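Asks: Here's a sequence, model it:
(one chain, ligands or ions: 2)
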Amino acid sequence: MDALWCVVPAAGKGVRAGGDRPKQYQWLAGRPLIDHTLERLAAHPRIAGLLVAIAADDTHFAATDTIGGKPLIVTVGGSERSASVLAGLHALPAGVADDEFVLVHDAARPCVRAVDIERLVELAGKGEGGLLGAPLRDTLKRADAGCHSIATEARDGRWRAFTPQMFRRAALAHALRLAAEAGIVVSDEAMAMERTGVSPLLVEGSEDNIKVTTPADFALAEFLLGRTR
Ligand SMILES: Nc1ccn([C@@H]2O[C@H](COP(=O)(O)OP(=O)(O)OP(=O)(O)O)[C@@H](O)[C@H]2O)c(=O)n1
Ligand SMILES: C[C@](O)(CO)[C@H](O)COP(=O)(O)O
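Replies: Numbers count the residues shown, from 1 in each chain. Ligands and ions are numbered 1, 2, ... in the order given. Now for the predicted structure:
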């Protein structure tokens, strides 16, 4: 399989992280968080180029045409993550065929391991696509408004979804458009594809592929950056 383009949704506000700028531009190990993510993606031999979707009013993204010798294209994202991903799909170079697989990886996940990307591309490329994830290993509780446990949920067959996720370009764009037309905000690409009858392959990946979401995640991500590649 030829190298794939990767859409990087980076148009979020990072509300849960707080700070004076969106989390993807906050400092992590001496550089903006997004730089770690983009450099790690660009260094992967399975990735041909990066399509970064940023907010229309973004004043932090350091524009560049290449990263790590790979092409980098910037487009404007949307008000929801799924809209940013769809905008990215539409901005891919004309040479990316409709049936070509593309990856989608959160800018907020800087610790993704190269070996996990390799496994995803190898395994999910044999079917209709898939995503990195990890089976739930803790007991799952349902809480009430007062944070009291009111039930213990079944854990069997439940996974946490990560990124990258990988689907064929036109099929994913179609699925995202269908969800948007139905007024459904999908949490990830796999959910949009499931709505069209696809059963994405879950590929177990490292649990240190964290999504930096809250202030506490920055210290953990900094620790993990030194241990993952
Ligand atoms: N409209 C949006 C919302 C999110 N994202 C991106 O999707 C990824 C995962 O989303 P999340 O962790 O929820 O980021 P935010 O939406 O920025 O976080 P918050 O909900 O705390 O504001 C991030 O890289 C974020 O930049 C995006 O491209 N466009
Ligand atoms: C796509 C995702 O990273 C899968 O876990 C996650 O859903 C995106 O984060 P959000 O906070 O739900 O936007």
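Asks: rest of the way, CA atoms for contacts and neighbours
Replies: Will do.
Asks: Show me which residues of this structure are close to ligand 1?
Replies: Contact residues (Cα under 6 Å from any ligand atom) of the chain with ligand 1: 9-17, 53, 77-81, 84, 106-108, 213.
Asks: Each with direction, which strands does the biggest strand by length in the chain pair with?
Replies: Secondary structure of the chain per DSSP state E: the longest strand is strand 159-168. The pairing partners recorded for strand 159-168 under DSSP bridges are strand 101-104 (antiparallel), strand 130-135 (antiparallel).
Asks: and stretch 208-227, average pLDDT?
Replies: Averaged over stretch 208-227, pLDDT sits at 96.
Asks: can you give me the helices in this structure?
Replies: Remark: helices assigned in the chain by DSSP state H are 33-42, 81-91, 114-124, 169-181, 189-194, 216-225.
Asks: Show me what the fourth one is packed against.
Replies: Counting contacts by 3 or more Cα pairs under 8 Å, 6 or more residues apart in numbering; DSSP states H and E, the secondary-structure elements packed against helix 169-181 are helix 81-91, helix 189-194.
Asks: cool, and the third one?
Replies: Taking 3+ Cα pairs under 8 Å, 6+ apart as the contact definition, the neighbouring helices and strands of helix 114-124 are strand 130-135, strand 159-168, strand 201-204.
Asks: which non-adjacent residue is nearest V112?
Replies: With sequence-adjacent residues excluded and distances taken as Cα to Cα, 6 or more residues apart in numbering, V112 is closest to N209, at 4.7 Å.
Asks: Also I34?
Replies: Spatial nearest neighbour of I34, chain neighbours left out: Q24 (5.1 Å); criterion: Cα to Cα, 6+ apart.
Asks: give the contact list for the one you found.
Replies: Taking Cα atoms under 8 Å, 6 or more residues apart in numbering, we find Q24 in contact with A10, G14, P32, L33, I34, A107, A108.
Asks: before we move on, what about S82?
Replies: L176, V185, V186, S187, D188, E189.
Asks: Could you tell me how many residues sit around the second one?
Replies: In other words, V185. Using other Cα atoms under 10 Å, the number of residues around V185 comes to 16.
Asks: One more: the third one?
Replies: For V186, the tally of surrounding residues (other Cα under 10 Å) stands at 18.
Asks: again, but for the fifth one
Replies: With neighbours defined by other Cα under 10 Å, the count for D188 comes to 18.
Asks: Identify the residue nearest it in space, chain neighbours excluded?
Replies: Using Cα to Cα, 6+ apart, the nearest residue to D188 is S82, at 7.0 Å.
Asks: any idea how far that neighbour lies from A175?
Replies: As judged by Cα to Cα, to the nearest Å, S82 and A175 stand 10 Å apart.
Asks: Over to E194?
Replies: 9 Å.
Asks: and if you look at R168?
Replies: Going from R168 to A175 by Cα to Cα gives 11 Å.
Asks: Compare the two (neighbour count), which wins?
Replies: A175 (22 against 17).
Asks: how about the residues of this structure near ligand 2?
Replies: So the chain meets ligand 2 at A161, F162, T163, S187, D188 (Cα under 6 Å from any ligand atom).
Asks: Just the buried residues of those residues.
Replies: The neighbour count (16 or more other Cα atoms under 10 Å) marks A161, F162, T163, D188 as buried among these.
Asks: just curious, which of those residues is nearest to L120?
Replies: Closest approach to L120 among these (Cα to Cα): T163, at 9.8 Å.
Asks: Who are the contact partners of the nearest residue to G19 once chain neighbours are set aside?
Replies: Using Cα to Cα, 6+ apart and skipping residues adjacent in sequence, the residue nearest G19 is Q26, 7.7 Å away. By Cα under 8 Å, 6+ apart, the contact list for Q26 reads G19, P32, L33.
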